[in-house]
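*Asks:* Next comes the sequence, and after it the predicted model I'd like to discuss.
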Amino acid sequence: MPKDSGIGASVKRREDVRFLTGRGRYTDDINLRGQAHVAFLRANVAHGRLRGVDVAAAAAMPGVLRIFTGADFAAVGGLPCGWQVTGRDGQVMKEPRHPVLAAGKVRHVGDPIAAVVAETLEAARDAAEAIVADIEELPAVIDMRGALAAGAPLVHEEAGTNLCFDWGFVEDNRAATDAAIAAAPHVTTLDLVNNRLIPNAMEPRAAVGDYNPATGDSTLYTTSQNPHVIRLLMGAFVLGIPEHKLRVVAPDVGGGFGSKIFHYAEEAFVTFAARALNRPVKWTAQRSESALSDAHGRDHVTRIDLALDREGHFLAIRTRTLANMGAYLSTFAPSVPTYLHGTLMAGNYRTPLIHVGVQAVFTNTVPVDAYRGAGRPEATFQLERVIDKAARELGIDPVEIRRRNFIDRFPYQTPVAVAYDTGNYHATMDKLVAIADLAGFEGRRQASARKGLLRGLGVNCYIEACGIAPSHLVGQLGARAGLYESATVRVNATGGIVVMTGSHSHGQGHETTFPQVIADMIGIPESQVEIVHGDTANTPMGMGTYGSRSLAVGGSAMVRAAGKVIAKAKKIAAHLMEAAEGDITLRDGKFTVAGTDRSVDWGAVCLAAYVPHNYPLAELEPGLEETAFYDPANFTFPAGAYACEVEVDPETGRVVIDRFAAADDFGNVVNPMIVDGQVHGGIGQGIGQALCEGAVYDANGQLVTGSYMDYAMPRADDVPSYVVDHSCATPCTHNPLGVKGCGEAGAIGSPPTVVNAVIDALQRGGHRHVTHIDMPLSPARVWAAIRG
Amino acid sequence: MARVTMTVNGKAVAGEVEGRTLLVQFLREGLGLTGTHVGCDTSQCGACVVHMDGAPVKACAVLALDADGAEVRTIEGMASADGTLSPLQQAFQDHHALQCGFCTPGMVMSAAALLAGNPRPSEHEVREYLEGNLCRCTGYHNIVKAIMAASGQGAAIAAE
Amino acid sequence: MYAFEFTRPQTVAAAVAALKGADAQALGGGQTLIPTLRQRLASPARLVSLAAIAEMRGVAAAGGVLTVGGGTTHAAVAREAAAPFPALARLAGRIGDPAVRSRGTIGGSLANNDPSACYPAAALAAAATIVTDRREIAVDDFFRGLFATALATGEIITRVRFPIPARAAYAKFLQPASRFALVGVFVAKSSAGVRVAVTGAAERGVFRWTAAETALAADFRPEAVKGLRMAAEGMIGDLHGSPEYRAHLVGVMTARAVAAA
């Protein structure tokens, strides 16, 4: 019988009740007394010299409180980048200033030029339209190859180049990899684009700044995945506000997918303006504004070479990528195409030699940063696509070629720095073959053919590095922050528990799953445990939620803090029962002296800690509250195998996904229902990338896909039901819960599955000339590919 | 400014609004009913769906004054007075049909409208009916499942 | 949104009077106009809502003619035209999404003449008559290219009369993002012949594909149009499809519409 509580139980989410009754509290739901509103004037050209901003007429309009321009921010810092990559030549990356409001130049459509604060939002918008920005339009660089061409216009003159960095990984393997490819019996080469995406969390970003002149305290309410990171970046690097005078609150947040990790100009602006005006200042993005100001994702152009022997064993991989940084370096942008991408290029396979080359390029486009998976989808896509192409060229079944190359001994040191602690790739592939009913494919293919449709099957694997990550390692790789996580476990006098975590839930369900762990550890009902997150004022310094790290890192911190609490509680229990501490066991909420029937329950010990009338005060402080910081020893390595069947309508090019199956290894699982939901969502986004989505700029740098009229979001009838399974579990060996993380898997594994399936359908349908189509595989593109 | 009166969740309400005030603004800012969300500016995401005279509408594409005299129901009016979730809301919780919760009010309102007119929809009909409601978290799987379950047809959908 | 004055008259006569002011604009269901206003792409001084005019609502079939009030919502047409004119009902039932269909009206759609809208194809193929507050306009004289119609400023579509075809169907290929028609084809066969109207595809908006009409008049089967080629010239080319693709889809959707009719 399935468990109904504790680790492994599909406990229903307690947070659902407020969301289902309209009682969530998102940032845009917050309205402070005296609140003013801000509207940004944003650049409508991609590149231009800002000769002047005339705000006189706008400032005189009704309701306008003040208009800010770049000059107002000359004395404060720029938006910082949190990761410094060092290139092949030993040069550190170019890191141009990213001002809160544009100064001197505008560098992408949407770059904020001025901000109007007014009594009402409409008054602010009216005035923003009346501002006259004198912009001398300059030629823009949109295409990355064009940006690197000699004589190309420079996004940042002071950088002297549009090349942010030129990175090689592992440089020591460069020559050997080239040599192995030159000598290999078979080399499969694939040129591909990993399409630029707009993350599109359904809640648009919003920020409310508040200032208390009596105390000098600033508060920022913001749509963030990591309020402490925002407090540190904005306080220390931009506005110069010490942490103890700055509180950052991320209340209910309507999805993030990476896009709400970063510190954005609007957050700094409302905090700054609230202090300047001594009034709360609120900004909420309109969706069209989100498209021009949220960091985009992906946008890699890649050539990959896979060298194989005649039996399909991998000999070497070489990959060359151009990675778009956009106009400025967003918070974690440099890490995405480098350490979150190059380190994953081994995939699930033994390949002795790998070399990854990445050139990061500035263009006159919105900054690009981490989006669900961040670097790992880009690595997986190129690897799994080139393997599929190689299998076809060599006449080897796509499942078989993968099995032939699987890593099957752990730990496994890859040639790209990381060491996988555990895994079982044959097991997940076996599971996939079963749950996807690959045996039944041929029958279904024939049924499709009778309807005039081409059915194809795509299969692939993925691996990801999650639970980012050991601070000592990421520090060597250029991270300017530690990547530990924190938790405080506060036991109340009557035994209830509050866990204050640095992780942040914006859909992941921490308020439900974290108590499952604590309740199991102590043996009390989950209802006695409450989770507090999202407010720097009442949570310990933590790095937030991204990279599938909440449970692996944040959960581990919580387990450690709870362990400290239990250790102290045992001392108290020992005192109460006049027994030796070493003889005390805790089970089902009861402390027992081993080998006796003497016991004291959890509540009594907690009460004794706070009402220490009978208490070892000489040896032990009163109270029961502990904090732990957990810094992982390694990444975790979730992995899996995915399969997809599509039907292609050869007359229209329309692709319909008929079946999708995912077999994942996430290690131990705390709440299977939530894990399944994470996989579903990831697959949905991956299908979106593969079939629908793509941010498109025209040659002048105008975003063509600036609204949902042109940016195709996957809808309920664009996706199938999914079969998911995570029963093949090899627990992580180095964190206390044995968990690996599940948030990104679906988005990483699924795009190549869909593309592999479409190519398979076309190949089987006789369109042998189609070996690749760049995403999104829109009907128009598939039709054009068929036509050749 | 003009006066608008309507019935919201069974209660008569009134307020002063501009011609350009949207129904969703009146609900959120005028009445403090912040459960109805705004997720886009082209009326495509469906986070703002409410019922107006029994039909689903996008509250971001209706002027408040055009709803004068109307009977409006929002997510805040879906549970019983004692807080008991409606069977549809309960199905959303039971089947994990929400994650971040932002699209949820619109999803529930659309699903309620579907079931009111078609009490036993097929999975295909459910997916088609939801085409005006975007969700970025769930991949739609569990939303479809919850609606099927709420319709009394069991929670099994095609893949399962 | 820019500020505007708002009125909601109860009768067509009052609406016509209210629309006489400078920069006054009629507001039908608002499913296109309100998003346009929200993005500050239009700035009427006065909006005249047609939503309260009871005489403009309703669907009635008599003598082989379906009459639809200009203020009738897509949802109402989908419901009420299902028996007399199922092809029209199905078209209406797949415009936008359910919430859009609760508000959007046939009059608003035809007056806006969006090149990707569905109703213009039905009206043109079925040889509808557009009835306004002041006159009747044969559909062949009504559409004047992209977002342009024969309507005078302030003129309101009060009714649309559709001669009910013997056989008809609409086949729509969706633009993946907006879900408007990338290409939509309405075919209608009646005693007067066959009419084929295409929306979504052409830069000039909805148009009749006369070559297909001729072929189908002789042989009303999908095979009859298989050999026909629509020229790519004049077709829309954008992110979602090249002119060649749209021209190709016109043929495919025409055949599918015939098969469904």
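*Replies:* The structure has been received and is ready for your questions. These figures come from a predicted structure and were not determined experimentally.
*Asks:* gap between the residue of the stretch 501-650 of chain A found nearest chain B and chain C?
*Replies:* Nearest to chain B in the stretch 501-650 of chain A, going by Cβ to the nearest Cβ, is A:Gly507, at a distance of 3.4 Å. Heads up, the C-betas are built off the backbone N, CA and C, glycines and all. For A:Gly507, the distance to chain C (Cβ to the nearest Cβ, to the nearest Å) stands at 24 Å.
*Asks:* That residue touches B:Gln99, doesn't it?
*Replies:* Yes: between A:Gly507 and B:Gln99 there is a contact under Cβ atoms under 8 Å: 3.5 Å.
*Asks:* what sits in contact with each of those two?
*Replies:* Common neighbours of A:Gly507 and B:Gln99, using Cβ atoms under 8 Å, 6 or more residues apart in numbering or on different chains, are A:255, B:137.
*Asks:* before we move on, back to that, show me the contacts for the residue of the stretch 501-650 of chain A closest to chain B.
*Replies:* A:Gly507 makes contact with A:253-256, B:99-101, B:137 under the criterion Cβ under 8 Å, 6+ apart.
*Asks:* For it, give its distance to A:Gly743.
*Replies:* From A:Gly507 across to A:Gly743, the span is 9 Å (Cβ to Cβ, to the nearest Å).
*Asks:* what's the burial count for the closest residue to B:Asp94 other than its chain neighbours?
*Replies:* Counting by Cβ to Cβ, 6 or more residues apart in numbering or on different chains, B:Asp94 lies nearest to A:Lys12, which is 6.5 Å off, once chain neighbours are set aside. For A:Lys12, the neighbour count with other Cβ atoms under 10 Å in any protein chain shown is 18.
*Asks:* and what of A:Ala124?
*Replies:* Counted with other Cβ under 10 Å, residues neighbouring A:Ala124 total 27.
*Asks:* Buried by neighbour count: which residues of whichever strand or helix holds it qualify?
*Replies:* Following DSSP states H and E, one finds A:Ala124 within helix A:121-130. Of the residues in helix A:121-130, those with enough neighbours to count as buried (16 or more other Cβ atoms under 10 Å in any protein chain shown) are A:121-128, A:130.
*Asks:* That one near chain C anywhere?
*Replies:* Yes: using Cβ under 8 Å from any Cβ of the partner chain, we find that helix A:121-130 touches chain C at A:122, A:125-126, A:129.
*Asks:* Just flag the most distant two among the residues you listed.
*Replies:* Spatial extent of those (Cβ to Cβ) is set by the pair A:Glu122 and A:Glu129 at 10.9 Å.
*Asks:* how about the nearest residue to whatever residue of chain B ends up closest to chain A, chain neighbours excluded?
*Replies:* Using Cβ to the nearest Cβ, B:Gly35 is the residue of chain B that sits closest to chain A, at 1.9 Å. With sequence-adjacent residues excluded and distances taken as Cβ to Cβ, 6+ apart, B:Gly35 is closest to A:Gly22, at 1.9 Å.
*Asks:* I'd like to know how far that neighbour sits from C:Glu136.
*Replies:* The value you get for A:Gly22 to C:Glu136, if Cβ to Cβ is used, is 48 Å.
*Asks:* Neighbour count: those two, which is higher?
*Replies:* Comparing A:Gly22 with C:Glu136 by other Cβ under 10 Å, the one with more neighbours is A:Gly22, at 24 against 10.
*Asks:* in which helix or strand would I find the more buried one?
*Replies:* Remark: A:Gly22 resides in no helix or strand, with elements defined by DSSP H and E.
*Asks:* Where does the residue nearest the centre of chain B fall, secondary structure wise?
*Replies:* Centroid-nearest residue in chain B: B:Met109, 2.4 Å away (criterion: Cα atoms, centre = their mean). Using DSSP H and E, B:Met109 sits within helix B:104-117.
*Asks:* Next up, phi/psi of the closest residue to A:Val418 other than its chain neighbours, please.
*Replies:* Distance criterion Cβ to Cβ, 6+ apart; nearest residue to A:Val418, sequence neighbours excluded, is A:Thr343 at 4.8 Å. When read as degrees, to the nearest 10, the backbone of A:Thr343 gives phi -70, psi -10.
*Asks:* domains of chain B?
*Replies:* The record assigns chain B these domain ranges, following automatic domain parsing: B:2-77, B:87-150.
*Asks:* Around chain C, which positions in chain B sit nearby?
*Replies:* Proximity of chain B to chain C, by Cβ under 8 Å from any Cβ, involves residues B:2, B:18-20, B:22, B:41-44, B:46, B:49, B:52, B:55-58, B:60-63, B:65-66, B:68, B:110, B:113-114, B:129, B:131-133.
*Asks:* at 7 Å instead, please
*Replies:* Counting by Cβ under 7 Å from any Cβ of the partner chain, chain B comes close to chain C at B:2, B:18-20, B:41-43, B:46, B:49, B:55-58, B:61-63, B:65-66, B:110, B:113, B:129, B:131-132.
*Asks:* Count the residues that sit near the closest residue to A:Gln702 other than its chain neighbours.
*Replies:* Sequence neighbours aside, A:Val109 is the residue nearest to A:Gln702 in space, at 5.9 Å (criterion: Cβ to Cβ, 6+ apart). By the criterion of other Cβ under 10 Å, A:Val109 has 24 neighbours.
*Asks:* With chain B as the reference, measure out to A:Val109.
*Replies:* A:Val109 sits 17 Å away from chain B, going by Cβ to the nearest Cβ.
*Asks:* Please tell me I have it right and that residue contacts A:Gly48.
*Replies:* No: here A:Val109 lies out of contact with A:Gly48, judged by Cβ atoms under 7 Å, at a distance of 10.2 Å.
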